[in-house]
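Asker: quick one, fold the following:
(one chain, ligands or ions: 2)
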Amino acid sequence: MIEYMEDWFRLAVDHLPVGIIAIDREGRIQILNRLLAKLTGLEAENVLGEPFLKLFDGQSSGSNKLLQTLATGREYQSLKPESVIPVNAVTNLVSNIYAVKNKSGTTVGAVAVFTPERRLQELEKTIIKVEKLAILGQLATEMIHEIRNPLTAISGLMQLLQQHLKGTPKEEYVTIILAELKHLNSFITDFLLMARPGYCKPTQCSINQLIKEVVALVECEASIRNLIINLGIEKNLPIVNADRGQLKQVFLNITRNAFEALPVGGELFIQASSDRQQGVVRIVFRDTGTGIDKQTLANMFNPFFTTKESGTGLGMFISKKIIDNHGGHIEIQSEPPSGTTVTVTLPVA
Ligand SMILES: Nc1ncnc2c1ncn2[C@@H]1O[C@H](COP(=O)(O)OP(=O)(O)O)[C@@H](O)[C@H]1O
Ligand SMILES: [Mg+2]
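Answerer: Ligands and ions are numbered 1, 2, ... in the order given. Okay, here's the model as predicted:
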């Protein structure tokens, strides 16, 4: 095996998308990978095993950083190529130099890695963009909070007005306004939840308990629409380390979606079981609703994607974010028109 190792190593180094040159303790070139050979015009068969100094061809090598690293063990970052190799290389490269040390910490070699400068700049640009987005996100969150307060006042006053206008032709206007306000409000609730996905306070959660709480929240609606909820929860389910509020939100989102897809008299099965071998708890929500077509299935985790007139399209997006944050998975299976199965898998504490 060992005899092939070197070949594998060379093959790997030759195919890296960065340029590499390495010298040993005696200052002899031990590695010149394919990309750097191409960029510098050097040929590996001519320089491997040869002294690095040979490349200088009579010029001074005094300030060469690769040799300095070999001599002092000091490492360098973002150097211009000309301070590393005395050969005209493509100018838009930057180089980092690393010292190779043996077990006792003595420098026994030096490696220079060249990366295209453009890549670094792109990376920097991306970081700035992400930071800007984060600030925008914070601003938006604060704005939304500001919007919520007057909205609550408007809703309250509208409800009063509705009582005044009861039985008159104008009552319908207020009803429409109230419905729109309700939609706005659920949008805000979902947005605020989404705006703090990183905010996660894990505690020891009983899934059994959580499911029962969610069912209690929707029981009233279920009885009005004659929906049947069947629970199948394994006894002694292991405890899950999770943010209680967030998990509840996920289960509620999935249950609400199921309800919205169910016809009168439809059924929702909620099953929870543990897979001790894989160290997970699996919670399965199966409804006998409309099912989900392929296009919706492909998009339903995207933010703002909804097929409902008054949907926010944030429920599944947020749910997936929360479950991902907990190291779990969320999976959807559907065969329209015979219903949908949503499976949430969570690691056991
Ligand atoms: N159980 C389900 N049955 C049928 N369609 C579903 C189900 N769950 C989700 N969907 C589809 O996924 C879309 C996105 O869901 P969601 O992100 O919760 O947003 P919203 O419920 O506000 O539309 C829904 O509009 C619906 O088309
Ligand atoms: Mg929803």
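Asker: neighbours of Q163, how many?
Answerer: Applying other Cβ atoms under 10 Å, we find 9 residues neighbouring Q163. (C-beta placed from N, C-alpha, C; glycine too.)
Asker: elements contacting whichever strand or helix holds it?
Answerer: For Q163, the host element (DSSP states H and E) is helix 117-164. With contacts taken as 3 or more Cβ pairs under 8 Å, 6 or more residues apart in numbering; DSSP states H and E, helix 117-164 sits against strand 93-101, helix 171-195.
Asker: buried deepest among the ones you listed, which one?
Answerer: strand 93-101 (a mean of 19; mean count of other Cβ atoms under 10 Å).
Asker: other SSEs contacting that strand?
Answerer: If you count contacts as 3+ Cβ pairs under 8 Å, 6+ apart, strand 93-101 packs onto helix 65-72, strand 76-79, strand 107-116, helix 117-164.
Asker: could you find the closest non-adjacent residue to the closest residue to ligand 2 within the chain?
Answerer: As assessed by Cβ to the ion, ligand 2 sits closest to G315 within the chain, at 3.0 Å. Of all residues not flanking G315 in the chain, N253 sits nearest, at 4.0 Å (Cβ to Cβ, 6 or more residues apart in numbering).
Asker: just the CA atoms of the host helix or strand of the one you found, as PDB, please.
Answerer: Per DSSP H and E: N253 is located in helix 244-261. The C-alpha trace of helix 244-261 is given here as PDB (Å, rounded to 0.1, in the frame of the first residue of the first chain):
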ATOM      1  CA  ARG A 244     -39.400  23.900  23.100                       C
ATOM      2  CA  GLY A 245     -41.000  27.000  21.700                       C
ATOM      3  CA  GLN A 246     -39.500  26.500  18.300                       C
ATOM      4  CA  LEU A 247     -40.300  22.800  18.100                       C
ATOM      5  CA  LYS A 248     -43.900  23.500  19.100                       C
ATOM      6  CA  GLN A 249     -44.000  26.100  16.300                       C
ATOM      7  CA  VAL A 250     -42.800  23.500  13.800                       C
ATOM      8  CA  PHE A 251     -45.400  20.900  14.900                       C
ATOM      9  CA  LEU A 252     -48.100  23.600  14.800                       C
ATOM     10  CA  ASN A 253     -47.100  24.700  11.300                       C
ATOM     11  CA  ILE A 254     -47.200  21.100  10.000                       C
ATOM     12  CA  THR A 255     -50.600  20.500  11.700                       C
ATOM     13  CA  ARG A 256     -52.100  23.700  10.400                       C
ATOM     14  CA  ASN A 257     -50.900  22.900   6.800                       C
ATOM     15  CA  ALA A 258     -52.600  19.400   7.200                       C
ATOM     16  CA  PHE A 259     -55.800  21.000   8.400                       C
ATOM     17  CA  GLU A 260     -55.800  23.400   5.600                       C
ATOM     18  CA  ALA A 261     -55.400  20.500   3.100                       C
END
